[in-house]
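Student: Just the structure for this:
(2 chains)
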2 protein chains.
Amino acid sequence: MASDRPVTIKDIARKFKCSPSTVSRALNNHPLINEDTRKNLQEYAQKVGYQRNSVSLSLLNKRTGTLGVIVPSLNHQHETAIIDGLQSVLQPQGYLMNICVSNESYLLEKEYVEKLLANRVEGIFLSISQETYDSGHYEHLESIIQRKVPLIFIDREYEGFEASRVTIDDYYGAFAATEHLIKMGCQRIAHLKGPQGLSITEQRFHGYIDCLRKYQFPIEEELIVSTNFQVESAIIPTQRLMELPQPPDGIFGVNDQVAIGAMNVVREKSFQVPGQVAIVGFDDSPISAYISPPLTTVRRPGKQIGAEASRIFLNQTKENPVTLENLVLPAALVIRESSLRG
Amino acid sequence: MASDRPVTIKDIARKFKCSPSTVSRALNNHPLINEDTRKNLQEYAQKVGYQRNSVSLSLLNKRTGTLGVIVPSLNHQHETAIIDGLQSVLQPQGYLMNICVSNESYLLEKEYVEKLLANRVEGIFLSISQETYDSGHYEHLESIIQRKVPLIFIDREYEGFEASRVTIDDYYGAFAATEHLIKMGCQRIAHLKGPQGLSITEQRFHGYIDCLRKYQFPIEEELIVSTNFQVESAIIPTQRLMELPQPPDGIFGVNDQVAIGAMNVVREKSFQVPGQVAIVGFDDSPISAYISPPLTTVRRPGKQIGAEASRIFLNQTKENPVTLENLVLPAALVIRESSLRG
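Tutor: Residues are numbered from 1 along each chain as shown, chains lettered A, B, ... in the order given. The predicted structure is shown next:
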């Protein structure tokens, strides 16, 4: 028993010179097993650390009570809010969640899908990685569908793929943020973009562009700069913006982090926020209301994405045939001091 | 084949009127299987979505390549930095990580331990929940040890339990933060405490108390208030502090979130930061350097915790008998403007 191989029912049966089925019945409190035998076997099983192999059992029972969640990263409050929303609905229903981080890698995402399917999860919630977008691969998603495991996209979806999804209207949120800056009297509105190729980057960018067009503002390349969503990545681009012959008087950041980084630079360059430069972020992260000046931002209901995705999953487990849902949640502008040019 | 039962080797064998072992060999590219048979079987297996049951296989092979990570929450940058550190070392080694969130619940933590063991993970990284501390339960941890699965505490440990651990010297960090405020000339230093019963709460609290004692400052109950780590939880307690007949001239927050919440209130009450009230946080979260004024804080090397825990795990997989390691990483004071009373 001292090896590190897990103890099996057969090991226990050998020890007690009885049949494996007797051991199994004793451990399951079968009425045909007498009290003493049951007690002895149960005590011994506990002593040697016998662990029922719930995976093998679940292959027979088809219920593992486990769900898979694959996200590209855990570095942003938005992703953890989605997970929080999933757990708040599904943990009380007895589901355990396996959270996997793809690190924006297609290969890791694919491996996690395979591993989750092999572990017989009952549903997969997926926010797809940047590489998966770029590569155009979706065979790993088809393998989920083929296995009749519910697949629900959370936040980052694969357009055109037949599965349910809960996303946020990023386009509208960005449009509203830009429109707000225009109404505040900004004439030159810069945009700190997200990384290339991501759907949320593109949608926010198009919301910004289309709003400028609607108000017949020129689109100026020099006012559109790239970041990687991290606060540090906004520093150098914003320095360049503020050193232009005609610096911007409004900045729309792709998220709160880069907006806060930009705010820092704008002030270092001795411009006033919001008097000379109005700033708007995106996410409504918890900190945004408490910095100085408090940040105008766009609220992304992360927790609600998780809760709605959970509801869709629970419906799908009951229905046959399944009705796919495509839910787009609104993103609300939250106006605070950083954009009020008075 | 249209049922939602996973396709098995037996199903494929029946279809091709051959033995299951032929199918198995074909799918594993066994040299005794002729080329055409192999190709036909592999194509068919792919078409019907046959998924090798890696769990059953792994019961024989004893290698699942999967590790479990259990954390109390994902709401703080510190936890996600630890996970990032684990992944940066272990994913390149071919390990996949199952991340589980206990929500500070002992029962969920226990269920996750059981599920991870049943799924035959090769190691468990655990930051224990508040309820587990409070309850004094550790049978679920013993079941990990009994199964000879490496258990490594990350950040929040179970004192006295025989397992490896990587923690941070929270006591020293809090002592250094308080000493810094004393050296800046603060006379009445308040502490925004974390939730009761957590080791990090207690260690930071004792660092604060022992430092006050060392410098023969009185311990004043009215200057010690509780928060739940969230930015919002600092608002009302700080309002009360600033309405005292003798408000504090220094505030040490248990983390950056509550320090930023406190900074907001202090200014709303028309006190200057740092001129009238110096503020120090804890964590060095990415945002802390970019708010105004930039926050003095204590750096917790979250990513390094993950990397060191990974190293210990990899060592334990090679060694027999295993040497337990107890690694305490230093926490460094990072001085910025919010505490410089000049």
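Student: can you list the residues of the stretch 151-300 of chain A near chain B?
Tutor: A:230-232, A:257, A:260-261, A:263-264, A:267, A:286-287, A:289-292 (CB under 8 Å from any CB of the partner chain). Backbone N, C-alpha and C define where each C-beta goes, glycine included.
Student: Buried subset of these, written for ChimeraX?
Tutor: Buried residues among those (16 or more other CB atoms under 10 Å in any protein chain shown), as a ChimeraX selection:
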select /A:231,257,260,261,263,264,286,287,289,290,291,292
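Student: Relative to A:Glu179, which of the residues of the stretch 151-300 of chain A next to chain B is nearest.
Tutor: A:Met263 (20.4 Å; CB to CB).
Student: Just the ones of the residues of the stretch 151-300 of chain A next to chain B in helices?
Tutor: If you go by DSSP state H, those have A:Gln257, A:Ile260, A:Gly261, A:Met263, A:Asn264, A:Arg267 in helices.
Student: picking up where we left off before, please identify which of the residues of the stretch 151-300 of chain A next to chain B is nearest to B:Ser164.
Tutor: Using CB to CB, these come closest to B:Ser164 at A:Gln230, 31.7 Å.
Student: With A:Met97 as the reference, measure out to A:Ser127.
Tutor: Look at A:Ser127 and A:Met97: by CB to CB, to the nearest Å, they are 14 Å apart.
Student: ok, back up a step: among the residues of the stretch 151-300 of chain A next to chain B, which has the minimum pLDDT value?
Tutor: Within those, A:Pro286 has the lowest pLDDT, namely 86.
Student: Look up the pLDDT of A:Gln77 for me, please.
Tutor: Looking at A:Gln77, its pLDDT reads 82.
Student: Now it: closest residue in space that isn't a chain neighbour?
Tutor: Among residues not flanking A:Gln77 along the chain, A:Ser285 sits closest, at 4.7 Å (CB to CB, 6 or more residues apart in numbering or on different chains).
Student: For that neighbour, grab the count of nearby residues.
Tutor: Using other CB atoms under 10 Å in any protein chain shown, A:Ser285 has 24 neighbouring residues.
Student: residue contacts, it?
Tutor: A:Ser285 makes contact with A:His76, A:Gln77, A:His78, A:Asn255, A:Asp256, A:Gln257, A:Thr297, according to CB atoms under 8 Å, 6 or more residues apart in numbering or on different chains.
Student: could those residues be laid out in CSV, adding secondary structure and distance to B:Cys18?
Tutor: Shown next, in CSV, are the contacts of A:Ser285 (DSSP: H, G, I helix; E, B strand; the rest coil; distance: CB to CB, whole Å):
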residue, secondary structure, distance to B:Cys18
A:His76, coil, 51
A:Gln77, helix, 55
A:His78, helix, 51
A:Asn255, coil, 56
A:Asp256, helix, 60
A:Gln257, helix, 58
A:Thr297, strand, 63
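Student: Contacts for stretch A:126-136, please.
Tutor: In contact with stretch A:126-136 (CB under 8 Å, 6+ apart) are residues A:69-72, A:79, A:82, A:102-109, A:113, A:138, A:141, A:151-158, A:195, A:197-199.
Student: ok, of these, which come out buried?
Tutor: The buried subset of those - by 16+ other CB under 10 Å - is A:69-72, A:79, A:82, A:102-106, A:108-109, A:113, A:141, A:151-158, A:198-199.
Student: Out of those residues, list just those in helices.
Tutor: Per DSSP H, the buried ones among the contacts of stretch A:126-136 map to helices at A:Glu79, A:Ile82, A:Tyr106, A:Leu108, A:Glu109, A:Val113, A:Leu141, A:Ser199.
Student: how much space between the first one and A:Thr8?
Tutor: Put plainly, it is A:Glu79. 40 Å.
Student: same thing with the third one?
Tutor: For A:Tyr106, the distance to A:Thr8 under the criterion CB to CB works out to 38 Å.
Student: again with the fifth one
Tutor: Counting by CB to CB, the separation of A:Glu109 from A:Thr8 is 35 Å.
Student: Identify the spatial nearest neighbour of A:Arg204, chain neighbours not counted.
Tutor: That would be A:Ala174: by CB to CB, 6+ apart, it lies 3.9 Å from A:Arg204.
Student: May I see the buried residues of the helix or strand hosting the one you found?
Tutor: Element membership for A:Ala174, per DSSP states H and E: helix A:170-183. With burial defined by 16+ other CB under 10 Å, the residues of helix A:170-183 counted as buried are A:170-182.
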